[in-house]
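Chemist: Sequence and predicted model, in that order:
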Amino acid sequence: MKRLIVAFCALLALSGTAIARSPAPIVDIPAAALPVEARATLALVRAGGPFPYAKDGGVFSNREKMLPPRSRGYYREYTVKTPGARDRGARRVVAGAGTTGDARTSGEYYYTDDHYNSFRRIRE
């Protein structure tokens, strides 16, 4: 049996096929528990801006498949300022269109502090 497993792994390595990992479950985080910068970004999303970064409000494609699958354009991403960072950093708020079709009022918000490797659903 051990030889069979080793042979299978070698075959996968040769074929270039990777075993997909399933995304981690999305846990909730209360809005009050977010970093102050994330709360400020969330307030800007609800107000419709103005946003400090040109890419804010752009389509989040969910290529990592960490969020529930939706059609392209459903999710929008917004930068959360990272103190001391010279670029946009790794922190984002991602807003879903929800039933209203509008990120300002959808109530569907996610937070990532590791550039899309994990998400937490924001509960207000």
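Modeler: Arrived safely.

Chemist: Who is Y75 paired with across the strands?
Modeler: Counting by DSSP bridges, Y75 is bridged to G96.

Chemist: change the start of the numbering to 509 and stick with it
Modeler: That works, and once the first residue is 509, the last one we named lands at Y583.

Chemist: tell me the contacts of it?
Modeler: Going by C-beta atoms under 8 Å, 6 or more residues apart in numbering, Y583 touches V567, F568, S569, N570, L575, V602, A603, G604, A605. (Glycine included, C-beta is placed from N, CA and C.)

Chemist: now do the same end-to-end measure for stretch 575-595.
Modeler: Distance across stretch 575-595, first residue to last, is 24 Å (C-alpha to C-alpha, to the nearest Å).

Chemist: distance between it and the chain's centre?
Modeler: Here the centre of stretch 575-595 is set off from its chain's centre by 6 Å, with C-alpha atoms, centre = their mean, to the nearest Å.

Chemist: helices and strands of this structure: which one has the lowest mean pLDDT?
Modeler: Ranked by mean pLDDT, DSSP states H and E, the helix or strand of the chain with the weakest confidence is helix 510-523, at a mean of 50.

Chemist: I'd like to know which elements the next helix or strand along the chain from that helix is packed against.
Modeler: The C-terminal neighbour of helix 510-523 among helices and strands, as given by DSSP states H and E, is strand 535-538. Contacts defined by 3 or more C-beta pairs under 8 Å, 6 or more residues apart in numbering; DSSP states H and E place strand 535-538 against strand 628-631.

Chemist: helices or strands up against the strand it packs on?
Modeler: strand 535-538, strand 617-620.

Chemist: Which strands border that strand, and is each parallel or antiparallel?
Modeler: Partners of strand 628-631 in its sheet, by DSSP bridges: strand 535-538 (parallel), strand 617-620 (antiparallel).

Chemist: wait, which of those strands is closest to L552?
Modeler: Closest approach to L552 among the strands paired with strand 628-631 (C-beta to C-beta): strand 617-620, 11.8 Å.
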